[in-house]
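> the sequence and its predicted three-dimensional model are supplied below.
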2 protein chains.
Amino acid sequence: MNDLAKRVLSGDERALAKAISVVENDADNARLLMGILYSHTGNARVMGVTGPPGAGKSTLTDGLVTGFASSGKRVGVIAVDPTSPFSGGAVLGDRIRMRNISPLPGVFVRSMATRGAMGGLTHACMDVIDIMDAAGMDIVLIETVGVGQDEVEIIRVSELNLVVLVPGFGDEIQAIKAGIMEIADIFVINKADRDGVEKLESQLQYLNQLSSRNIPIIRTVAVSNEGVSELGDAVLTTLERHRESESTDDREMERAGYRLQNVLITRFFSVARQNMGETNYETLVSEVASRKIDPYTASDIVIQSLNRARHGN
Amino acid sequence: MNDLAKRVLSGDERALAKAISVVENDADNARLLMGILYSHTGNARVMGVTGPPGAGKSTLTDGLVTGFASSGKRVGVIAVDPTSPFSGGAVLGDRIRMRNISPLPGVFVRSMATRGAMGGLTHACMDVIDIMDAAGMDIVLIETVGVGQDEVEIIRVSELNLVVLVPGFGDEIQAIKAGIMEIADIFVINKADRDGVEKLESQLQYLNQLSSRNIPIIRTVAVSNEGVSELGDAVLTTLERHRESESTDDREMERAGYRLQNVLITRFFSVARQNMGETNYETLVSEVASRKIDPYTASDIVIQSLNRARHGN
């Protein structure tokens, strides 16, 4: 892993892709690799782009990334794709659009599917952010459909979040989690040439009033690139202001706490099941299933056995 | 908690409401209560109703529950509400509709908001299912917007899941997680008087073909009660078939394993942070934040200190 780490640190894009495969598929080597790379992280600015399906997030991301790249910045993009129920794969349109920016110099795009991740997505995503960071990306942008818990979790690690909304979608369709609205740093009204733009803007202003915050509201028409460079400027300005403010430390602490928590959950289960023995663990589960023991008492047994097994060493 | 448990077991609805408050707000008493109630669970049939916002889940749920109740069944309903970004509360329409069934004899409705739950929702939801089960509900129905990880997680514990879709919504809007499609036991095409019903049905048939499953597809117009009693019959028939088949044991094992896992995560953090000391834990987080230590190495320290602290006892 030493050699791979060196190549990642030199900014080699093929090594970057290889390193991402390692963290996705090989827990032991992931540990070694992250042990080397982690001390080289902390330079990239991490931002999220989120909003309901059909809000035009990918087109907007493309526009922003093109702008950042043309001013000489290196940008890593993590596109968290919802999987289509009909094709079984990622929603095709997004994939095709993402490719428009892939050939740009200094831009590295990686898709991650939510399919089958079951809690592991956030963990893997944070490793990928760190790898991109260590590889010298100036900005890491996470694009995600903002409708579920996992999406909220992922963008909790970012320094700045754009929440993209569309006029005329209706309150119910845009009833994305309050958690997302709370971590919005900039509201983007995309497709702002549509009817209902005034209504949506006044709703957002009302939301600002309710929360006693003053989150900028920016109108764009991503498909014709209107307002996108202004949005890019606002993003860079906000990031600059963040870094100068004291709240950066709080965000870093929150991010680190969250990071540690995710790693701990994975490690805890791996150690507990190993020390207890897989068969004993399964027996315990079957006793919970047959109501011989309640889950709280069962949890005590697992935690105690973790301790007992170590005594014997 | 003994007295409360007895009243829950006798089916007292006020005790049921009180017990739910306990598991939501008081971890220590929740443990005592669940320790008593858990051995009395396993009789209720747990089902999920899920689908994108606007699919008419609440109206459909009302129709189904009214049907079950009129045939003498006791039904518990857990409505997992997405919180509205604009009102800050649950989406109002759903709440109002839910109240139509609340006064029915033998029906107990409880709303749980996703807001702020951050992973704790599934844990609390499973306790609530068990309490309703112990209180003698024949059916526990969980109604949830099927767009996020937490929603998928919740309905993993149910025996039978309805996935409600609507014609003409578009593939992208309905691009709910593949995970949900995979746990569908019945597809419901609601608002089946709309254009596009044939197209949606053929997409679902294609999905059946792809997955080599034969999931029933049932059309309803919930608002005028069309097809709802047929759906109710299909639900009861499928539940009956499930209970007779061997796969019930597998589902019970999966459910118990999942249950134990959720309790363990909560317990582990509580024990680890207590044994290590809150200050030491925060120091470790700050070292991860400042890149002095990587999260994997930090996780070893937490797990070891859990052990060391117990040695000292």
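Looks like it arrived, so ask away.
> what's the end-to-end length of stretch A:187-199?
Using CA to CA, to the nearest Å, the end-to-end distance of stretch A:187-199 comes to 14 Å.
> any idea of the pLDDT on A:Q174?
Confidence at A:Q174, expressed as pLDDT, is 48.
> mind checking which helix or strand the nearest residue to A:L104 once chain neighbours are set aside is in?
Taking CB to CB, 6 or more residues apart in numbering or on different chains as the measure, A:L104 lies nearest to A:A69, with 4.8 Å between them; neighbours along the chain are not counted. The C-beta positions use only the backbone N, C-alpha and C, and glycine is treated the same way. Using DSSP states H and E, A:A69 sits within helix A:57-70.
> same check on A:I101?
Counting by DSSP H and E, A:I101 is part of no helix or strand.
> who are the packing partners of the helix holding A:A69?
Contact partners of helix A:57-70 among helices and strands, from 3 or more CB pairs under 8 Å, 6 or more residues apart in numbering or on different chains; DSSP states H and E: strand A:45-51, strand A:75-81, helix A:92-98, strand A:139-145, strand A:160-165, helix A:228-244.
> in that helix, what counts as buried?
Across helix A:57-70, burial judged by 16 or more other CB atoms under 10 Å in any protein chain shown covers A:57-69.
> need those in JSON lines (columns: distance to B:I301 and pLDDT).
Formatted as JSON lines, these follow (distance: CB to CB, whole Å; pLDDT from 0 to 100):
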{"residue": "A:K57", "distance to B:I301": "39", "pLDDT": "88"}
{"residue": "A:S58", "distance to B:I301": "41", "pLDDT": "87"}
{"residue": "A:T59", "distance to B:I301": "45", "pLDDT": "91"}
{"residue": "A:L60", "distance to B:I301": "42", "pLDDT": "95"}
{"residue": "A:T61", "distance to B:I301": "38", "pLDDT": "94"}
{"residue": "A:D62", "distance to B:I301": "42", "pLDDT": "93"}
{"residue": "A:G63", "distance to B:I301": "44", "pLDDT": "95"}
{"residue": "A:L64", "distance to B:I301": "39", "pLDDT": "97"}
{"residue": "A:V65", "distance to B:I301": "38", "pLDDT": "96"}
{"residue": "A:T66", "distance to B:I301": "43", "pLDDT": "96"}
{"residue": "A:G67", "distance to B:I301": "43", "pLDDT": "96"}
{"residue": "A:F68", "distance to B:I301": "38", "pLDDT": "97"}
{"residue": "A:A69", "distance to B:I301": "40", "pLDDT": "96"}
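> sorry, back to before: out of the helices and strands packed on helix A:57-70, flag the one nearest A:K199.
When these are compared by CB to CB, strand A:160-165 sits nearest A:K199, at 11.2 Å.
> circling back: mean pLDDT for the helices and strands packed on helix A:57-70: which is lowest?
Mean pLDDT is lowest for helix A:92-98 among these, at a mean of 47.
> for chain A, what helix or strand is lowest in average pLDDT?
Within chain A, confidence by mean pLDDT, DSSP states H and E is lowest for helix A:92-98 among all helices and strands, at a mean of 47.
> helices along chain A, start to end?
When assigned using DSSP state H, the helices of chain A occupy the ranges A:2-9, A:13-25, A:27-37, A:57-70, A:92-98, A:120-134, A:149-155, A:178-182, A:197-210, A:228-244, A:247-276, A:278-289, A:295-311.
> ok, back up a step: can you pull the contacts of the residue nearest to A:L104?
A:V75, A:I101, A:L104, A:P105, A:G106, A:V107 (CB atoms under 8 Å, 6 or more residues apart in numbering or on different chains).
> any regions of chain A where pLDDT drops low?
Along chain A, the parts satisfying pLDDT under 70 run over A:81-99, A:113-121, A:146-153, A:169-182, A:246-248, A:307-313.
> mind giving me the domain ranges of it?
Chain A is divided into the following domains under automatic domain parsing: A:41-244, A:261-311.
> just those domains: most buried one?
domain A:41-244 (a mean of 20; mean count of other CB atoms under 10 Å in any protein chain shown).
> distance from stretch A:262-274 to the middle of the chain?
22 Å (CA atoms, centre = their mean, to the nearest Å).
> kindly apply the preceding question to stretch A:30-49 instead.
Stretch A:30-49 has its average C-alpha position 13 Å from the chain's average C-alpha position, going by CA atoms, centre = their mean.
> next: stretch A:193-206.
In terms of CA atoms, centre = their mean, the gap separating the centre of stretch A:193-206 from the centre of its chain is 27 Å.
> still on that earlier bit, adding distance to B:M253, write the helices and strands packed on helix A:57-70 out as JSON lines.
As requested, those are exported to JSON lines (distance: least, CB to CB, whole Å):
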{"stretch": "strand A:45-51", "distance to B:M253": "36"}
{"stretch": "strand A:75-81", "distance to B:M253": "31"}
{"stretch": "helix A:92-98", "distance to B:M253": "37"}
{"stretch": "strand A:139-145", "distance to B:M253": "32"}
{"stretch": "strand A:160-165", "distance to B:M253": "39"}
{"stretch": "helix A:228-244", "distance to B:M253": "47"}
